[in-house]
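1. attaching a predicted model along with its sequence, questions to come.
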Amino acid sequence: VAFVVCRSLEGLKTFSYLEVLILDNNLLGNDLLLPRLPHLHTLTLNKNQISFQRNTCKILLDHLAEVVPSLQYLSLLGNMACPNELVCKEKDEDDYQRYRYFVLHKLTSLKFLDTRKVTRREREEALVRGAFMKVVKPK
């Protein structure tokens, strides 16, 4: 097993049957573009540079919904987009739950987000209010 820091994901297009992709610790940001990977069910993007700046995280989630339609497990731990006390001391469990509703609103097929199983109640809440849950605080 070799671990390499990615700069381009273009080569992944030749692996259309890929099911698991771990891209942790690669300095990837909201401009991440994956090729269509219809069989990908697990994607980890832990400890990258994904944030909720402007509308870019929404664009990234929309992109993932389009190119990885079988996605069931996503982890964004260690990114600014995933608000928790480990990344930022000003964040709390309510911030994290709003983030979960927003992501689940965009990626409806997820069964696990980060380390937690998606509950039926979360899925229902995400359908009703997920679009309004983006965590934005005034400067």
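-> Perfect, thanks for sending it. Residues are numbered from 1 along each chain as shown.

2. got any ranges where the chain has weak pLDDT?
-> Low-confidence segments of the chain, defined by pLDDT under 70: 1-8, 54, 85-89, 131, 133-139.

3. now the helices for the protein?
-> Secondary structure of the chain by DSSP state H: the helices cover 56-67, 93-106, 120-129.

4. so which of those helices is nearest residue 33?
-> Closest approach to residue 33 among the helices of the chain (C-beta to C-beta): helix 56-67, 6.8 Å. C-beta coordinates here come from the backbone N, C-alpha and C atoms, glycine included.

5. list the contacts of that closest one.
-> Residues from elsewhere that reach helix 56-67 (C-beta atoms under 8 Å, 6 or more residues apart in numbering): 30-37, 43, 50-51, 71, 74, 81, 103, 106-108, 134.

6. take the helices of the chain and write them to a markdown table, including mean neighbour count.
-> A markdown table is the format used below for these (neighbours: other C-beta atoms under 10 Å):
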| stretch | mean neighbour count |
| --- | --- |
| helix 56-67 | 17 |
| helix 93-106 | 19 |
| helix 120-129 | 14 |
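
7. any idea how far residue 40 lies from residue 127?
-> Going from residue 40 to residue 127 by C-beta to C-beta, to the nearest Å gives 23 Å.
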